[in-house]
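K.L.:
quick one: sequence plus predicted model below, questions after.
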Amino acid sequence: MFPRAWVEFRDPADDDQTFRCDLTWLTSSWTCIFGRGCQGIYAERPDDGCCTLGAHFADADDEQRVAAHVAELTADDWQHRRAGRRRWVETDDEGERKTRVHDGACIFLNRPGFSGGRGCALHRYALRTGREIVETKPDVCWQLPIRRTYRTVELPDGTSHLEVSIAEYDRRGWGPGGHDLDWYCSGNTEAHVGTEPVYVSSRAELVELMGAAAYDELVSHCEAHLRSRSTLALHPATTAAAGTRRP
C-alpha cells in the first residue's frame, strides 16, 4: 500500500455516471516489457509473460469478437494454428470459457524461436493489419494491467449514481491466486521504463474503457497531475526506476 492521487469527474456522455481515476497509476511510466526483461508470472516459465494460464472471456460477445479475428490468422501469425483450428477454447473447473492452454501456456502464445515472432498471435496480427489490440485480443488481455470496476454510490439526499473506477490492476487484482505469482510487472521497477505515461501509451485501451469524451477530460487531469508532481503522489516503482536511470 502507498499513497495515491485520485480524481473524480462526471462522465461528459452520461450524467448518471462518474469516473474515479487513479492518477498515480495513469501518470506512471509503466510499459509492457514482454521479451525485454519480463520475468513471467511463474519462474519456471519466464518466456510466457502473463500468458501461462490462458484468458477467460468476459462474455459471449467478447468470445465472438475474438473468434472473427482468429479465423483470419495465418500460419505466419500463429505458431499453433494447426492445433488451434481444431479447438482453441476450453472451460475451466467452474465451467467458464477461456482460451485453451496448449503445451503449457495459452494456445495463442508464439514461443521463442517461432519464425513469425514470439508473443501473442492476436497481438502480432493487430500490429500487422493496423488494428488496435482492443479489437483483436480478449478483453482481459488488452485491459491488463488497467482495472475497471463499478459500484453504485448512494448519496445522503437519496440519489445515487454509478461510479466507474479506472486504476492499476495490481497483484491483488488476481485474487488469492496473486500470492502465487513469482513476479508481476505493474509494481516492479523493471517495467516502469516507458517513454510515455500510461494515459498516453494506453490511449486506445482507455478510450475503449471510458469513451472518448471522458478520456479527453482524463488527459487534462493527468497533465495537471504531472505539472504538480512534486506535491502529489507518484508511483513508487516509477520513482525508483527513475532513480536507477540517473547518471
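P.N.:
The structure has been received and is ready for your questions.
K.L.:
how far does stretch 186-194 stretch from one end to the other?
P.N.:
Terminal residues of stretch 186-194 are spaced 12 Å apart (C-alpha to C-alpha, to the nearest Å).
K.L.:
which parts of it are buried?
P.N.:
With burial defined by 16 or more other C-beta atoms under 10 Å, the residues of stretch 186-194 counted as buried are 186, 187, 188, 189, 191, 192, 193, 194. No exception for glycine: its C-beta is placed from N, CA and C like everyone else's.
K.L.:
nearest spatial neighbour of the residue nearest to the spatial centre of the chain, skipping sequence neighbours?
P.N.:
The centroid of the chain falls nearest to residue 144 when counting by C-alpha atoms, centre = their mean (1.7 Å). Nearest in space to residue 144, with sequence neighbours left out and distances taken as C-beta to C-beta, 6 or more residues apart in numbering, is residue 169 at 5.5 Å.
K.L.:
same for the longest helix seen in the chain, what does it pack against?
P.N.:
When the chain is parsed with DSSP state H, its longest helix is helix 212-227. Counting contacts by 3 or more C-beta pairs under 8 Å, 6 or more residues apart in numbering; DSSP states H and E, helix 212-227 packs against strand 6-11, strand 14-22, helix 23-26, helix 198-201, helix 203-210.
K.L.:
of the ones you listed, which is nearest residue 181?
P.N.:
Ranking the helices and strands packed on helix 212-227 by proximity to residue 181 (C-beta to C-beta) places helix 23-26 first, at 18.3 Å.
K.L.:
tell me the helices and strands packed up against the closest one.
P.N.:
Under the contact definition 3+ C-beta pairs under 8 Å, 6+ apart, helix 23-26 sits against strand 160-168, helix 198-201, helix 212-227.
K.L.:
mean confidence (pLDDT) on the second one, please.
P.N.:
In this case it means helix 198-201. For helix 198-201, the mean pLDDT works out to 98.
K.L.:
same thing with stretch 170-186?
P.N.:
For stretch 170-186, the per-residue pLDDT averages 89.
K.L.:
what lies in contact with that stretch?
P.N.:
Here stretch 170-186 makes contact (C-beta atoms under 8 Å, 6 or more residues apart in numbering) with 25, 30, 32-33, 38-43, 50, 145, 147, 168-169, 187, 191, 237.
K.L.:
ok now it, how far from the chain's centre?
P.N.:
How far stretch 170-186 lies from its chain's middle: 13 Å, per C-alpha atoms, centre = their mean, to the nearest Å.
K.L.:
for it, measure first residue to last.
P.N.:
Using C-alpha to C-alpha, one end of stretch 170-186 lies 6 Å from the other.
K.L.:
list the buried ones in it?
P.N.:
171, 174, 183, 184, 185, 186.
K.L.:
what kind of secondary structure is the third one in?
P.N.:
Per DSSP: H, G, I helix; E, B strand; the rest coil, the local secondary structure of residue 183 is coil.
K.L.:
what distance do you get for it to residue 160?
P.N.:
40 Å (C-beta to C-beta, to the nearest Å).
K.L.:
and the fourth one, by the same measure?
P.N.:
According to C-beta to C-beta, residue 184 stands 35 Å off from residue 160.
K.L.:
check residue 135 too.
P.N.:
Relative to residue 160, and taking C-beta to C-beta, residue 135 is found at 34 Å.
K.L.:
give me the neighbour count for the residue nearest to residue 207 when sequence neighbours are not counted.
P.N.:
The shortest distance from residue 207 to any non-neighbouring residue, by C-beta to C-beta, 6+ apart, is to residue 215 (4.8 Å). Per other C-beta atoms under 10 Å, the neighbour tally for residue 215 reads 20.
K.L.:
check the one 4 residues further on too.
P.N.:
The burial count assigned to residue 219 is 15, neighbours taken as other C-beta under 10 Å.
K.L.:
for residue 240, same thing?
P.N.:
So residue 240, with other C-beta under 10 Å, has 12 neighbours.
K.L.:
that one sits in which helix or strand?
P.N.:
Secondary structure assignment for residue 240, by DSSP states H and E: helix 236-245.
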